[in-house]
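Visitor: Provided below are the primary sequence and the corresponding predicted coordinates.
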Protein chains: 2
Amino acid sequence: MAQASEELRRDGWPEQTAVRIAWCYYGLGMTQQEIAAKLGINRVRVNRLLAEARRRGIVRISITSKLAENVDLEERLKERFGLAEAEVVLSLTDDETELAEVLGAAACEPLTRHFRDGATIGVGWGVTLKAFAEAMPETPLQDVAVVAMLGSLTRRSSIDAFEAATTLSARLHAECFHLPGPILCDSEASRDTLVRQPMLQDVLERALRADIAVISVGGLDSGTIRRMRFVDEAEFQDVLAAGAIGNFLGHYIDDDAAVIDHPVNRRVIGVKPEDLANIPHRFMISGGPNKVRALAAILRRRLLTGIVTDQQTARALLV
Amino acid sequence: MAQASEELRRDGWPEQTAVRIAWCYYGLGMTQQEIAAKLGINRVRVNRLLAEARRRGIVRISITSKLAENVDLEERLKERFGLAEAEVVLSLTDDETELAEVLGAAACEPLTRHFRDGATIGVGWGVTLKAFAEAMPETPLQDVAVVAMLGSLTRRSSIDAFEAATTLSARLHAECFHLPGPILCDSEASRDTLVRQPMLQDVLERALRADIAVISVGGLDSGTIRRMRFVDEAEFQDVLAAGAIGNFLGHYIDDDAAVIDHPVNRRVIGVKPEDLANIPHRFMISGGPNKVRALAAILRRRLLTGIVTDQQTARALLV
DNA sequence: CTTGCGAATGAACAAATGTTATGACACGTT
DNA sequence: AACGTGTCATAACATTTGTTCATTCGCAAG
């Protein structure tokens, strides 16, 4: 079959063999021992390749049946907030990172339906979106553009829009555009200067013409926001006093999901929440107790067309 | 949560619990022991429910990465036979039944894209189609009609069109229509009488207006055809002599995929191969050495828009 | 040629999983 | 109340899986 010799060419891991093993194991229900014998290799190797295949998302396990309760929550979310799509997953973890991974994985299916040849996809920031991008199966599409809707964090971080956009674009074989600037500038003036740069203008405009936006929201006491600290404590307290309940597309918003009139919000490089309305599909991937308030505000404002969240959050949103 | 008391209402198996277990096991990577402890039940029970969940297709495991060779074969099939879609799966089994299951499972994904609210779906017969229907995940759709394109076998058999249609319609929450008559009548006259029945006419016409047809093909020496024996040996030899190479929608066809001019073909109740052309999407699910010849004929005649087959068959078709 | 390196192997073991037998318990039936 | 009947818990066991470690193999650099 002349594959064995070639299959290492890419990055030194024998995908061909791994796929074959995965197929035998999961598809045909053979035991690892049998597979090892059949392919003439060691069982340990079979075991390792199998684990690696799962880790890399080549083997993917999904649970199709939903709990009646989740279906019910989905319907109520759609009804209540005028959404076209809603996906509620079981929340069986309290770990923020784990929840992000679960939500990210769950978002793949509904979003894949929107990712088609020629589409432009706007991407926000956050651990959840990063997890989503990682969980996305490799789907080769034609002429797709993935556009970051926000600037980067100063230090490259796995949670910024750039990272999520990069990963997602790789999965879709798409072109990736990012906003070459900090998510938050040091002054309004420098933001204005930066935003006037043709390069930036270009990407911003492209983002505004996106067919679908994949976004998230940050609660104020979330680990992420804390860790970032892109505003200093004094300023943070100041925005808080001004009524901030969360961070949406880099902007601090209040209980009406309105961008708070505060200097810090005029230093943001990125798509403004109010500009979202021009994007036909607006998908939120988010969950967790600390995000409920901000989520509720955004939903009430009908800023979204779709949401992926967990059971607990869904319940809280529907109170 | 008040589920535990209700969850047995349907068919005596605790789907709620099973889904929860599956979620913990596959989604969160917990061990069966841990899950048992967490849910306060027995480990044996956890194990059994998990197995049952897999068996029922609630947990489904898919392999996303394809072998380069398969992708290549798909492209060549599309190119060569003017198909819109092609799916080639690894063939690692020689067992006819197993192959049918593998193909059936593989067909779900490409076909789901065609199953939408309001669609009419025509269904043929065979083990493969039956396997496909079984493998189909439960997808609640609106106003979908599943129509059998062929009459039934005299004894209800798990391979006839009726069975496949019934199962599929259940999965899609669709209405099911079947042709109330034998796939093969005892004489041309009785076929004509039967086909003139309004009930039958109705279903036949409905089948002709289908949006998508899901069909298969029988090789002449396939176990299925043998086992069925709806024609007696003499007649079988006769059709064979007339050039029959396979059975397509109940009709014996020759190497040009033309319905052989033979009495037996005038006793069939069902959609005629030539009527297929009116159906916009025509999907073949089939594979195995004994079907290659018939498949090749059908493909050459451009009767299909999509195919799901295995590697070996694909290779044979492309010679 | 030998030395060193990394990768694959085989043996060995602990952990997890799948399977079976047995007994307790609840439930309708007679 | 006695009697099936079926479900579930418990325990025990065989198999499979995941991991570790010392060893061997292949091969390229010295």
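Guide: Now that the structure is in, tell me what you want to look at.
Visitor: so where is the stretch 1-150 of chain A shaky, pLDDT-wise?
Guide: For the stretch 1-150 of chain A, applying pLDDT under 70 flags the ranges A:1-12.
Visitor: Break down it into its strands, ranges please.
Guide: Counting by DSSP state E, counting those that start in this stretch, the stretch 1-150 of chain A has strands at residues A:59-63, A:85-89, A:120-123, A:145-152.
Visitor: can you pull the alpha-carbon coordinates of the following helix or strand past the last one into CSV?
Guide: For strand A:145-152, the succeeding helix or strand toward the C-terminus, using DSSP states H and E, is helix A:161-172. Listed in CSV are the C-alpha atoms of helix A:161-172, where the atom choice follows Å, rounded to 0.1, in the frame of the first residue of the first chain:
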residue,chain,number,x,y,z
ALA,A,161,-9.3,36.3,19.7
PHE,A,162,-6.2,35.9,17.6
GLU,A,163,-5.5,32.5,19.0
ALA,A,164,-9.1,31.3,18.6
ALA,A,165,-9.2,32.7,15.0
THR,A,166,-5.9,31.1,14.1
THR,A,167,-6.9,27.7,15.3
LEU,A,168,-10.4,27.9,13.8
SER,A,169,-9.0,29.0,10.4
ALA,A,170,-6.6,26.1,10.5
ARG,A,171,-9.4,23.6,11.1
LEU,A,172,-11.5,25.1,8.2
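Visitor: Heading C-terminal from helix A:161-172, find the next helix or strand.
Guide: Next along the chain after helix A:161-172, taking DSSP H and E as the criterion, comes strand A:175-182.
Visitor: what helices or strands is that following strand leaning on?
Guide: With contacts defined as 3 or more C-beta pairs under 8 Å, 6 or more residues apart in numbering or on different chains; DSSP states H and E, the packing partners of strand A:175-182 are strand A:145-152, helix A:161-172, helix A:198-208. The way it works is simple: take the backbone N, C-alpha and C, and place the C-beta from them, glycine included.
Visitor: so it versus helix A:161-172, what angle?
Guide: With axes from the mean of the first three to the mean of the last three C-alpha atoms, to 10 degrees defining the directions, strand A:175-182 sits at 170 degrees from helix A:161-172.
Visitor: Just the buried positions in strand A:175-182, please.
Guide: Under the neighbour-count criterion of 16 or more other C-beta atoms under 10 Å in any protein chain shown, strand A:175-182 has A:C176, A:F177, A:H178, A:L179, A:G181, A:P182 buried.
Visitor: Between these, which sits nearest DNA strand C?
Guide: Nearest to DNA strand C among the buried residues of strand A:175-182 is A:C176, at 30.3 Å by C-beta to the nearest atom of the strand.
Visitor: can I get the helices and strands packed on strand A:175-182 in CSV with distance to B:D275?
Guide: Output for the helices and strands packed on strand A:175-182, formatted as CSV (distance: least, C-beta to C-beta, whole Å):
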stretch, distance to B:D275
strand A:145-152, 44
helix A:161-172, 40
helix A:198-208, 48
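Visitor: Would you tell me which one of these is buried the most?
Guide: Highest mean neighbour count of those: strand A:145-152, a mean of 27 (counted as mean count of other C-beta atoms under 10 Å in any protein chain shown).
Visitor: sorry, back to before: quick one, which of the helices and strands packed on strand A:175-182 gets closest to DNA strand C.
Guide: Among the helices and strands packed on strand A:175-182, the nearest to DNA strand C by C-beta to the nearest atom of the strand is helix A:161-172 (23.8 Å).
Visitor: got a list of contacts for that closest one?
Guide: The contact list for helix A:161-172, computed with C-beta atoms under 8 Å, 6 or more residues apart in numbering or on different chains, reads A:115, A:121, A:123-126, A:129-130, A:132-134, A:136-141, A:144, A:146-152, A:156-157, A:174-179, A:183, A:214, A:270.
Visitor: per-residue confidence averaged over that helix?
Guide: Averaging pLDDT along helix A:161-172 yields 83.
Visitor: Kindly calculate the angle that it makes with helix A:198-208.
Guide: Counting by the same axes, to 10 degrees, helix A:161-172 lies at 60 degrees to helix A:198-208.
Visitor: Near chain B, which residues of chain A are found?
Guide: Residues of chain A found near chain B (C-beta under 8 Å from any C-beta of the partner chain) are A:1, A:3, A:15-16, A:18-20, A:22-24, A:26-28, A:53, A:57-69, A:90, A:92-93, A:98, A:102, A:105, A:137-138.
Visitor: Which among the residues you listed count as buried?
Guide: A:15-16, A:18-20, A:22-24, A:26-28, A:53, A:57-67, A:69, A:90, A:92, A:98, A:102, A:105.
Visitor: wait, which of the buried residues of strand A:175-182 is closest to B:R302?
Guide: For those, the residue nearest B:R302 by C-beta to C-beta is A:C176; the value is 39.7 Å.
Visitor: what is that closest one paired to in the beta sheet?
Guide: Note on A:C176: beta-bridge partners by DSSP bridges are A:V146.
Visitor: for A:P182, same thing?
Guide: Going by DSSP bridges, A:P182 forms beta bridges with A:S152.
Visitor: Return the residues of the stretch 1-150 of chain A in contact with DNA strand C.
Guide: For the stretch 1-150 of chain A, the contact set with DNA strand C under C-beta under 7 Å from any atom of the strand comprises A:G12, A:I41, A:N42, A:V44, A:R45.
Visitor: hmm, try it at 6 Å
Guide: A:I41, A:N42, A:V44, A:R45 (C-beta under 6 Å from any atom of the strand).
Visitor: Quickly check those residues for the two that are furthest apart.
Guide: Largest separation among those by C-beta to C-beta: A:I41 and A:V44, giving 9.1 Å.
Visitor: These two: who's more crowded?
Guide: More neighbours surround A:I41 than the other of A:I41 and A:V44, with 15 against 10 (other C-beta atoms under 10 Å in any protein chain shown).
Visitor: Excluding chain neighbours, what is closest to the more buried one?
Guide: Using C-beta to C-beta, 6 or more residues apart in numbering or on different chains and skipping residues adjacent in sequence, the residue nearest A:I41 is A:T17, 7.7 Å away.
Visitor: In contact with the closest residue to A:E98 other than its chain neighbours, which residues are there?
Guide: Computed as C-beta to C-beta, 6+ apart, the closest residue to A:E98 that is not its neighbour in sequence is B:L28, at 7.2 Å. B:L28 makes contacts with A:L92, A:T93, A:E98, A:V102, as judged by C-beta under 8 Å, 6+ apart.
Visitor: Filter those down to just the ones in helices.
Guide: Judged by DSSP state H, these include A:E98, A:V102 as members of helices.
Visitor: How many residues are close by the residue nearest to A:I41?
Guide: Count around A:T17 with other C-beta under 10 Å applied: 19.
Visitor: Leaving out the residues flanking it, which one is nearest to the residue nearest the centre of chain A?
Guide: By C-alpha atoms, centre = their mean, chain A has its centre lying nearest to A:L129, at 1.8 Å. Nearest residue to A:L129 in three dimensions, chain neighbours excluded: A:A164, at 4.3 Å (C-beta to C-beta, 6+ apart).
Visitor: Quickly note the distance from the one you found to A:S216.
Guide: Per C-beta to C-beta, to the nearest Å, A:A164 is found 9 Å from A:S216.
Visitor: Now the common contact residues for those two.
Guide: Common contacts of A:A164 and A:S216 (C-beta under 8 Å, 6+ apart): A:G124, A:W125, A:G126, A:L129.
Visitor: isn't the last one right up against A:I121?
Guide: No: checked against C-beta atoms under 8 Å, the pair A:L129 and A:I121 is beyond contact range at 11.3 Å.
Visitor: list the residues that contact both of these two?
Guide: Common contact partners of A:L129 and A:I121 (C-beta under 8 Å, 6+ apart): A:V214.
Visitor: where do the helices sit along chain A?
Guide: Going by DSSP H, chain A shows helices at A:15-22, A:32-39, A:43-55, A:68-81, A:96-112, A:127-135, A:161-172, A:188-196, A:198-208, A:223-228, A:233-241, A:292-300, A:311-317.
Visitor: Which residues does the longest one contact?
Guide: With C-beta under 8 Å, 6+ apart as the test, helix A:96-112 has contacts from A:62, A:85, A:87, A:89, A:91, A:93, A:126-137, A:139, A:212, A:214, A:222-223, A:283, A:285-288, A:306, A:308-310, B:27-28.
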